[in-house]
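heads up, no residue letters with this:
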């Protein structure tokens, strides 16, 4: 019963639509009516600015982290904490407070990995920020990092690098979330291929997309 209740708590944590609420209460804007219409970090940066975007990113990240450590806080050791993180990601993307809609799962998934294995998220951050600098696209960096995570979660434990051994539930969840993130970015991928993806005014923009931010 405790496990079920904590999974529900994890989902509700993930469901907190930080971008939507911050936009509404502090900027009197509904993010769903601007930009991409997404309530996640990137559109918050685009519409509400750097400070709001940073706060939304931090909240969305910590939702995943807190959900992942919930079982540890309550002494539950019979199931991988990644399962609780998964429920937070599902809450983030299918929020009960936002008509079961939400973000693209990147920040909250990063929070799950942070709560499970901080070294792994540091490794993925290298790929994320390097690709972000080269392409100026958060979408490209997100998709690449998701793909890298899927590969590394299969390979690294075999060599006892970062992971002491396989946690097959964690591995399965990361594989699922990697695919989920890529699918959620399918429109971005199409725009990247057409060289019409929105980018930040940061980095090299080596694929020559149009500027937006």
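Great, that's in hand. None of the values given here were measured: they were computed from a predicted structure. Numbers count the residues shown, from 1 in each chain.

who touches the residue nearest the centre of the chain in this structure?
Of all residues in the chain, the one closest to the mean position by CA atoms, centre = their mean is residue 106, 1.7 Å from it. Shown in contact with residue 106 (CB atoms under 8 Å, 6 or more residues apart in numbering): 40, 41, 142, 145, 146, 181. For the C-beta atoms, the positions are set from N, CA and C on the backbone; glycine is no exception.

give me that answer again for 6 Å
Counting by CB atoms under 6 Å, 6 or more residues apart in numbering, residue 106 touches 142, 181.

now the closest residue to residue 38 other than its chain neighbours: which helix or strand?
Leaving out its chain neighbours, the residue that sits closest to residue 38 by CB to CB, 6 or more residues apart in numbering is residue 103, at 6.2 Å. Using DSSP states H and E, residue 103 is not contained in any helix or strand.

thought residue 103 was touching residue 43?
No: assessed by CB atoms under 6 Å, residue 103 is found out of contact with residue 43, at 8.6 Å.

which one's more surrounded, these two?
residue 103 (27 against 23; other CB atoms under 10 Å).

so how far is residue 118 from that one?
Between residue 103 and residue 118 the distance is 22 Å, computed by CB to CB, to the nearest Å.

pLDDT of the longest helix that the chain contains, averaged?
Counting by DSSP state H, the longest helix found in the chain is helix 50-73. For helix 50-73, mean pLDDT is 97.

list the buried residues for it?
Buried residues in helix 50-73, counted by 16 or more other CB atoms under 10 Å: 52-53, 55-57, 59-71.

quick one: average pLDDT of the helix or strand that comes right after it?
Next along the chain after helix 50-73, taking DSSP H and E as the criterion, comes helix 82-93. Helix 82-93 carries an average pLDDT of 98.

what angle sits between helix 82-93 and helix 50-73?
Between the axes of helix 82-93 and helix 50-73, defined by axes from the mean of the first three to the mean of the last three CA atoms, to 10 degrees, the angle is 150 degrees.

show me what helix 82-93 is in contact with.
For helix 82-93, contacts defined as CB under 6 Å, 6+ apart pick out 7, 10-11, 13-15, 63-64, 67-68, 70-71, 102-103, 105, 108-109, 112, 116, 170, 173.

same deal with stretch 1-10?
In contact with stretch 1-10 (CB under 6 Å, 6+ apart) are residues 67, 70, 84, 87, 88.

switch the cut-off to 10 Å
63-64, 66-68, 70-71, 73-76, 78-79, 81, 83-91, 112 (CB atoms under 10 Å, 6 or more residues apart in numbering).

least trustworthy helix or strand in this protein by mean pLDDT?
In the chain, no helix or strand scores lower on mean pLDDT, DSSP states H and E than helix 41-48, which sits at a mean of 92.
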